[in-house]
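Asker: Okay, structure incoming, though there's no sequence with it:
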């Protein structure tokens with residue numbers, strides 16, 4: 001079974017220069033394992049496509065049931081240089097929540 005991340009997580013996002021920062025937080029402790037398994041740096045980069053020109057890094061925060069992603073080269077140069085409507089990356093968290101993940105083997 002596939003669901004969108006918004007059903008099991010919420011997100012916060014921001015920026016530093018040309019790097020977007022997305023925190024993905026499990027809604028319940030039992031959802032964290034799905035996030036770790038399904039939301040890899042490769043899948044996040046693929047999800048955002050050409051919007052993210054650089055690498056994606058992932059940091060695991062199991063004590064708070066969260067993952068933190070850095071999307072390098074994702075803001076068109078950053079706040080003062082970019083011609084993008086969202087040069088600070090505030091909507092990227094909402095964009096990540098649209099990603100579908102496989103929840104087979106997990107109770108929901």
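Answerer: Looks like it came in fine. Everything numeric in this text was worked out from a predicted model, so none of it was measured.

Asker: What strand or helix carries the residue lying closest to residue 57 once chain neighbours are set aside?
Answerer: Closest residue to residue 57 apart from its sequence neighbours, by Cβ to Cβ, 6 or more residues apart in numbering: residue 70 at 4.4 Å. Where C-beta positions appear, they are placed from N, C-alpha and C, glycine not excepted. Assessed by DSSP states H and E, residue 70 sits inside strand 66-72.

Asker: Off-centre distance for that strand?
Answerer: Centre-to-centre, strand 66-72 and its host chain are 6 Å apart (Cα atoms, centre = their mean, to the nearest Å).

Asker: How about residues contacting that strand?
Answerer: 18-26, 32, 35-36, 39, 41, 44-45, 48, 52-61, 89, 92, 96 (Cβ atoms under 8 Å, 6 or more residues apart in numbering).

Asker: All the helices of the chain, in order from the start?
Answerer: Remark: helices assigned in the chain by DSSP state H are 32-38, 41-48, 92-96.
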